[in-house]
Structures are given as structure tokens and as C-alpha cells.
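**Student:** 3D, please:
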Amino acid sequence: MSNEAPVTSAQKRIVSVLFVAQSFFSASSIAAFTLSPIISSALSGTDSWVGLPNTITLLGRAGFALPLGIMMDRFGRRLALSSGYSMAIIGSAISVWAIVSGSFLIFLLGALFLGMARSAGDQSRYVGAEVFTLSRRAKVIGIIVSAGTIGAILGPLLVPVSTTWMALLGLPEETGPFIISGILMLYATGAVFFFLRPDPRELGQAIAVQEAAENPLSMENLIDERRPLRQIFASPMVQLAILAMVIGFFVMAFLMVITPLHMDRAAHTTAAISTVIMAHTLGMYGLSWLTGGLIDRFGRIPMILAGTAILGVSCILAPLSLRVPILGLALFLLGLGWNFCYVSGSSLLSDALAANERARAQGASEALVAIGAGLASLSVGLVFAQGGYLAVSLIALFFTLLLAFLTYWLVRKDRRITAQLAGS
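**Tutor:** This next block holds a predicted model:
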């Protein structure tokens, strides 16, 4: 028992630091995003490109995801995460410069750096999960994702306050959220750099050794060479895990990115837009502490299916009304459905990876998720310009139904492979 006490203390400290850093990061991201479509429309002079900054953000996230995973393996989780978070400080400063100078291209450059920071924020959930045994990983992932609840509340509230401050200082009001974003990311970077000790990589390897000692059959995961990514991604369950995250994120981004502009065109105030975004981000993060426990209890697959059902309801409800309560409910369900798919997919992927494969494979999967979300953001402006909010919602519904079908197909495929292996 005495040997386990220090490990338990270290586990709690690691999760606490990651939770605090993720809270600052989520508040920063949401504050920066809230007015981004409106700023993009003003700087570019067209509604067709309002999703482009978010696309660039997600491309930055995709491009930096695998290098960040490699950095985690080579230099440890603490240095890699703090380096990734620091990119948001640079991105916020560049975004302020873009708004002051009226340059859409510079605004896109700021979005690129903000996306690189997003890689660190997203992969932090895996860092927390790896220091726990298999039976608790979904719960830990849920706890870290739930840190976004703080951002969901704080981020939108900071938008009107920061814009007012900038107006009093004689600066463009839209710079306020990005200045606040940079300050918050200073705290997040410092929390990870100074307090994420011992390095989760070392503790994760110790947990893997402990699990192998309890289950000798898993010892091969510690001594075999790492599988190539192609072999890892050939597994139906790995494919399902990634598809749940990719399509869930696509649907969420496709509908969410355009909603602020949709409301702005309907003469809603900044406060009303912030309220709907707050409802959405509460759906994304507010119940994550419960989601992980439900996943551990009922299983990854049923919760992915539950997520697709909730996403479908959101896609149907969103275009029905311009009233804030209806839009708020639709965007809350959009966030909740994404949460079910995201946490379930993350847990399913973590289950399938050996200790020496995690950072690299998870980084590659995050790149795929970011590419899918980037395509959503890139195309949604064009769809909105041509067919309005209804067309956006119908396309999102199509992809939701596609995820339900792919879940059914991949589960059957995995069962066939398992049966063939058992019979051989």
C-alpha cells in the first residue's frame, strides 16, 4: 500500500495541473472565437470566407499534432505541452495586430498559431489518461475535457467586457477578446511548465509495467517494436474511434462556426450571440465529468450511438427558429452530442494503443480530426452564402446519419475479424 501512495499523489497532481491549464485554454479559445466570424467578414469583405480563419486554425492544429506527439516522446509531456500552449500567446498578439491594421491575411496568420496551440489543448486529455489504468481512463478524459466548462462560462462573459475596455482605451473593440486570450494563455503555459511534475510520460510507463505485471499477456506491448501507423489504423475499432471524433467534430464545427454570423445577420446583439455560444460550450464540456463515467459503465460504442442521436436532434432543431432560447438549446445539444462522440472515441483509441505507441498514434489521429473540422469550416461559408442556415443544418444531419451507419458497419466488421481469429 505504501508503494502506491506516491503514485496516487502524482496522478492527482497531474490531472489537477492539466485541468487548470485546460480551463485557461478553453476560456482563451472561446473568447477569441466568439467574434471571429464577424471580424472575418469585415476584414475580407465577404461572407463566403468567414469560415477560413477557423479552417486555418484547424490546419495549424492538424499540421502541429504529429510533431507535437513526436516532441512528447522525445522531450516529455511537460516541455511539449508548454511549448504548444505558448503558440496561443503569439497567435493572440498577431490577431490584435491584424485587427488594428485591417489585414485579413495577418488575421489568418494569427489563426495558424492559435491552431498550433489547439494541438496541445486537445492532446492533454491523453496525457491525463495515460497515468491511469484502463478501467479509469474514460473518466479521466471526461474530467479533463470538463475543464472546458470554465471556459464555456468565462470565455463568452469576457467578450463584452473586453470590448468595452478597448473602446474606453480608444482601441478597436474587437481586439479585446484576443488580448484577454493572450493573458489567459500566459497562465496556462506557466501552469504546465512549472507544475506538471513528474513528467506524465514516466508515470505512464510505470503504469504500463504495473498492468503488464498483473496481466502477463500484455507484456508484449512493452517489449515488441512499435507497430507502424498503417497497422494501427487498420483495426476496425481504431477506425471507429477516429471516425467518431472526425465526423462528430465535423458536424459540430460545420453548424457552430456559422451560427454567430447567422445571428448577426438577424440583428442579434453581441450579448445574445455570446449567450448562445455559452450554451453550446456548456453542452460541449459541462457534463464531461459524467460522460466519462457513463462510458466506463455502458461502453464506448453505445455512447457513440447516443452522441449521433443527440447531434441529429440538434441539426433538426437549429434552423427552426431565430429565437435565442431555441438556438441556445440546439447549440447546447450540438455540443453535448459532440462530447459523447469525442470522449467515447478518445477512450476507444486509448484502449487500443500500447504505451510506446500513444503519443505518435494519438498525434496522428488528432491531425485527422483537425483536417475534418478544417474542411467543415472552409466549406460552411460557401454553403451558407448559397443555401442559408437550413442547407448548413441538412448537410450536418447527413454526416450525422453517416456516422451512425459507419458505427454499425465497423462493429460488425470487428466481430467478424474476432470470430475468424478465434476459429483459426
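**Student:** low-confidence ranges, the stretch 101-250 of the chain, go.
**Tutor:** 211-226 (pLDDT under 70).
**Student:** try it again with 90
**Tutor:** Across the stretch 101-250 of the chain, residues meeting the criterion (pLDDT under 90) sit at 118-119, 121-123, 125-126, 128-161, 163, 167, 169-174, 197-198, 201-234.
**Student:** find the centremost residue of the chain, please.
**Tutor:** With distances taken as Cα atoms, centre = their mean, residue 122 lies nearest the centre of the chain, 5.0 Å away.
**Student:** name the nearest residue to that residue, sequence neighbours excluded.
**Tutor:** residue 366 (5.5 Å; Cβ to Cβ, 6 or more residues apart in numbering). The C-beta positions use only the backbone N, C-alpha and C, and glycine is treated the same way.
**Student:** now residue 67
**Tutor:** The nearest residue in space to residue 67 (Cβ to Cβ, 6+ apart) is residue 363, at 7.6 Å.
**Student:** wait, that neighbour touches residue 68, no?
**Tutor:** Yes: counting by Cβ atoms under 8 Å, residue 363 does reach residue 68; the two are 5.8 Å apart.
**Student:** common neighbours of the two, please.
**Tutor:** Common neighbours of residue 363 and residue 68, counting by Cβ atoms under 8 Å, 6 or more residues apart in numbering, are 119, 123.
**Student:** related to what we said a few turns ago, show me what contacts the residue nearest to residue 122?
**Tutor:** Taking Cβ under 8 Å, 6+ apart as the test, what residue 366 contacts is 61, 62, 65, 66, 69, 119, 122, 123.
**Student:** distance of the third one from residue 333?
**Tutor:** Right, the one you point to is residue 65. According to Cβ to Cβ, to the nearest Å, residue 65 and residue 333 sit 28 Å apart.
**Student:** who are the packing partners of the helix or strand harbouring residue 256?
**Tutor:** Here residue 256 sits within helix 236-265, counting by DSSP states H and E. On a contact count with 3 or more Cβ pairs under 8 Å, 6 or more residues apart in numbering; DSSP states H and E, helix 236-265 meets helix 36-44, helix 52-75, helix 270-285, helix 300-317, helix 324-352, helix 358-423.
**Student:** could you redo the last one with a cut-off of 7 Å?
**Tutor:** Using 3 or more Cβ pairs under 7 Å, 6 or more residues apart in numbering; DSSP states H and E, the elements in contact with helix 236-265 are helix 36-44, helix 270-285, helix 300-317, helix 324-352, helix 358-423.
**Student:** buried ones in it, by neighbour count?
**Tutor:** 236-238, 240-264 (16 or more other Cβ atoms under 10 Å).
**Student:** what angle do that helix and helix 358-423 make?
**Tutor:** Per axes from the mean of the first three to the mean of the last three Cα atoms, to 10 degrees, the angle that helix 236-265 makes with helix 358-423 is 130 degrees.
**Student:** contacting residues around stretch 318-336?
**Tutor:** Stretch 318-336 is contacted from outside by 252, 255-256, 259, 263, 266, 272, 275-276, 279-284, 287, 310-311, 313-314, 317, 389-390, 393, using Cβ atoms under 7 Å, 6 or more residues apart in numbering.
**Student:** likewise stretch 243-256?
**Tutor:** 280, 304, 307, 311, 315, 318, 331, 334-335, 338, 341-342, 344-346, 368-369, 372-373, 376-377, 380, 392-393, 395-396, 399-400, 402-403, 406.
**Student:** in ChimeraX, how would I select the buried members of those?
**Tutor:** Here is the ChimeraX command that selects the buried residues among the contacts of stretch 243-256 (16+ other Cβ under 10 Å):
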select :280,304,307,311,315,318,331,334,335,338,341,342,344,345,346,368,369,372,373,376,377,380,392,393,395,396,399,400,403,406
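**Student:** how close does residue 22 sit to residue 322?
**Tutor:** 33 Å.
**Student:** these two: who's more crowded?
**Tutor:** residue 22 (29 against 14; other Cβ atoms under 10 Å).
**Student:** just the element for the more buried one, please.
**Tutor:** Using DSSP H and E, residue 22 falls in helix 4-34.
**Student:** my understanding was that residue 274 contacts residue 34; is that so?
**Tutor:** Yes: the pair residue 274 / residue 34 is scored as a contact, 5.9 Å apart, by Cβ atoms under 7 Å.
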